[in-house]
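Asks: quick one, fold the following:
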Amino acid sequence: MSVSTFPVSSLDQACTSFLNHVGEVNPSVSHELIRHALRFSWNAHRDQRRKSGEPYLSHPLAVASILSELKLDSVTIAASLLHDVLEDTSVNHEMLATEFGEEIASLVDGVTKIQALEAKSREQRQAETYRKMLLSMARDIRVIIIKFADRLHNLRTLKYLDAEKIKAIASETFDIYAPLAHRLGMARIKWELEDLAFKFLHPESYKSIVSRVVATRHEREKLIDSFATPLRRSLESENIDATVVGRPKHFYSIYRKMNVTQRRFEEIYDLLAVRVITHSVRDCYHILGIVHSMWKPIQDRFKDYISTPKSNGYQSIHTTVVGERGSILEIQIRTWEMHQVAEDGIAAHWLYKGNPGEGFPSRDDRALTWLKNAIEWQKDLPDSAEFFEFFKIDLFHAEMFVFTPKGDLISLPKGATVLDFAFAVHTDLGLHCIGGKVDGKLEPINTPLQSGCTVEVLHSSSKKPSIDWLQHIKTAKARSAIRRRLRNANKREGMELGRKILRTHYNRLHTPTPLSNHVPGLLQHVGLNSLERLYEQLGRGELPINRVMQYFKLHKVRTSVPSQVASRIVETFSGRPAGVMVGDGDNVMVRFAQCCNPIPGDPIIGFVTRGRGIVIHRRDCNQVSLFSDSDERTIIVNWDTRPKGSYVVLLEVTAVDRPGLLHEITGVFHNYGVNVLEGTVRTSQQRAQNVFKVEIGNKNQLGQICGRINRIKGVQSVSRARDYIFVSPFDAS
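Replies: Next up, the predicted model:
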């Protein structure tokens, strides 16, 4: 795709030259609109020059030329001539809308980088610019097409910039623009973006590959002809109208394949391919039969992207065959419309759909599936850095195809799991997923899927997502849905916990004045605008309760001696009854730390944590030191002697291994009415190490059990396990 250099020494000369060029490649455009846009851009950029020394208008002219060759509509070409006026001149959005209408003004605004942000770093500004571009694409896909043309011409003239700027632009092209062009099916743009960025980022490797490609040109042309000539004759004899051409591999794709496969240049066999372009799908499959009758196909190198198009809309048949003397060549077969879509992707919409005035292609454009999904998940990533990271990851994912039981096709990134598939089918199905049947075999949620498999999702209405699920997913859609559900659940729990913490501390004041009387002043004191937000920050540990209670001290709210402590049984997040008194005993939500598993009788201490309520630790737990400097988060707690609950304890028993040992140990548990939840046994060199997860009532019962086990023959020690990671065979999935 080449761009002519237009004379820009005078406005009339530039207009005449450009309109003549546009008329040759795209005669249907409005010359009046384009002439008006060109004159406006000329005046706006009148005194500006590029780093090359050329008048600045040469850049918008080159960008508009690229788009005219793609057969884009008049509005897009006019917007490309104006694409830098908001960023680099005194023209504002209102002026542009008045002059050209809101459609063109919005396109230009969508392309314009975000300059005035309160973000602290260049990375944050860059991330927000990408977010703005993404949202602008949702409104009008032509925004990104203009941006591609802009980036392409900048790369063609990159040599005039300093080394640091060159590296930054080339790297950004690899990270964002080339993958985005691939996602939207614009192969021609993608290939040139990659080759130009490759040239500047890895100049020595680029020169080496170019020289080798040139040196082997005659040999490659000879190989192509050995396949193309007999194929043309066979197609003519079958009265099939088709064009047979050679397709060379692009420089960066050669370099990437050499790195991925760790092969030398001479070992890369698919440097080129033969492409057959015809008029109908029926002819495509007819040609495939002819090709396979002439040469032996390599079975695992056959891909039918006509019946199963790629997510970016790409359609073609790929088959690799073995010719004379063992020569190997890929042959691609497609229709002319498929070829146009393969080359220009989403830009081909205006050529084939016949509605050039619409900014967003119709729902049957498969390339937009990724874009629509990206628009959804970006809403759940308010942090700029996190958004940018997931944006890049999602762009680079290679795809595979998985089937539903009904035969529907789901496109997923390679490495996607059963859980990703469930979310791809429906968000609610993903949120309640408990596993799946993969080709009829039961599999857990974290099982990686293979292309071509059939998956049936198993779900339960009682199942809820956990933070661990984020380790088992590859898709941004699944990650976004899980994070949104966890955030909403944590918010509700945090508000409830915060409400109870505040009420508990306020009740200690024993004042007849209701708390509601103090809400306006209290909110002003802590700098918040709603009571719900205050509750949430208290419950998440972000707002110390001491700071809140300072308000009542400053306003001298009457206090008295606390009444007799009254405790209640409270529900933990896991639903287990906990006999713990917090403060004056008002209901609050607590959980027991799994690192030390406190039981009644253990000295304990509580800490307010962010999003997890109050966590109870044994005072001798190693984790307590992490909170030792945070008095505001420390809460005095005591065991309630009234409730008779059960508590989980890990017991480690070390003994000399012998027959019947395990039976005698479990017999002790049975005699004391103790429920064994899980257990592991490891033996080595006549020594047995057993760990049991058991439910007991209190510390006194634990002491009796330990004493009885200690008297078993061969037992060397019995102790409560500390910081022991208990791996259950049932949790391995």
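Asks: can we go C-alpha only for contacts and neighbour counts from here?
Replies: OK.
Asks: next SSE downstream of the helix or strand where Glu493 lies?
Replies: In this assignment (DSSP states H and E), Glu493 forms part of helix 476-507. Going down the chain from helix 476-507, the next helix or strand is helix 519-526, by DSSP H and E.
Asks: which parts of that following helix are buried?
Replies: Across helix 519-526, burial judged by 16 or more other Cα atoms under 10 Å covers 522-523.
Asks: which helices and strands sit right next to that helix?
Replies: helix 531-539, helix 545-554 (3 or more Cα pairs under 8 Å, 6 or more residues apart in numbering; DSSP states H and E).
Asks: quick one: it to chain centroid distance?
Replies: Its chain's C-alpha centre and that of helix 519-526 lie 40 Å apart, by Cα atoms, centre = their mean, to the nearest Å.
Asks: on that earlier part again, closest one to Ser480 among the helices and strands packed on helix 519-526?
Replies: For Ser480, the closest of the helices and strands packed on helix 519-526 is helix 531-539, at 21.6 Å, according to Cα to Cα.
Asks: what does the closest one contact?
Replies: Helix 531-539 is touched from outside by 491-499, 501-502, 519, 523, 528, 543-545, 608-611, 613, with contacts defined as Cα atoms under 8 Å, 6 or more residues apart in numbering.
Asks: hmm, back to that, can you lay out the helices and strands packed on helix 519-526 as CSV showing mean pLDDT, distance to Glu330 and mean neighbour count?
Replies: Supplementary listing: the helices and strands packed on helix 519-526 in CSV, determined by pLDDT from 0 to 100; distance: least, Cα to Cα, whole Å; neighbours: other Cα atoms under 10 Å:
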stretch, mean pLDDT, distance to Glu330, mean neighbour count
helix 531-539, 82, 61, 22
helix 545-554, 82, 70, 14
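Asks: kindly reformat the ones you listed as JSON lines containing distance to Lys190.
Replies: Converted to JSON lines, those look like this (distance: least, Cα to Cα, whole Å):
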{"stretch": "helix 531-539", "distance to Lys190": "47"}
{"stretch": "helix 545-554", "distance to Lys190": "56"}
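Asks: give me the low-pLDDT residue ranges for the stretch 101-250 of the chain?
Replies: Within the stretch 101-250 of the chain, the ranges that satisfy pLDDT under 70 run 113-127, 138.
Asks: strands along that one, start to end?
Replies: 243-248 (DSSP state E, counting those that start in this stretch).
Asks: and if you look at the stretch 601-733 of the chain?
Replies: Going by DSSP E, counting those that start in this stretch, the stretch 601-733 of the chain shows strands at 604-609, 613-618, 634-635, 637-639, 647-656, 675-684, 687-696, 715-720.
Asks: export these to a markdown table and tack on mean neighbour count, mean pLDDT and distance to Phe148?
Replies: Shown next, in a markdown table, are these (neighbours: other Cα atoms under 10 Å; pLDDT from 0 to 100; distance: least, Cα to Cα, whole Å):
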| stretch | mean neighbour count | mean pLDDT | distance to Phe148 |
| --- | --- | --- | --- |
| strand 604-609 | 22 | 79 | 47 |
| strand 613-618 | 24 | 80 | 49 |
| strand 634-635 | 17 | 72 | 56 |
| strand 637-639 | 19 | 72 | 62 |
| strand 647-656 | 21 | 86 | 60 |
| strand 675-684 | 14 | 83 | 58 |
| strand 687-696 | 19 | 86 | 60 |
| strand 715-720 | 16 | 87 | 63 |
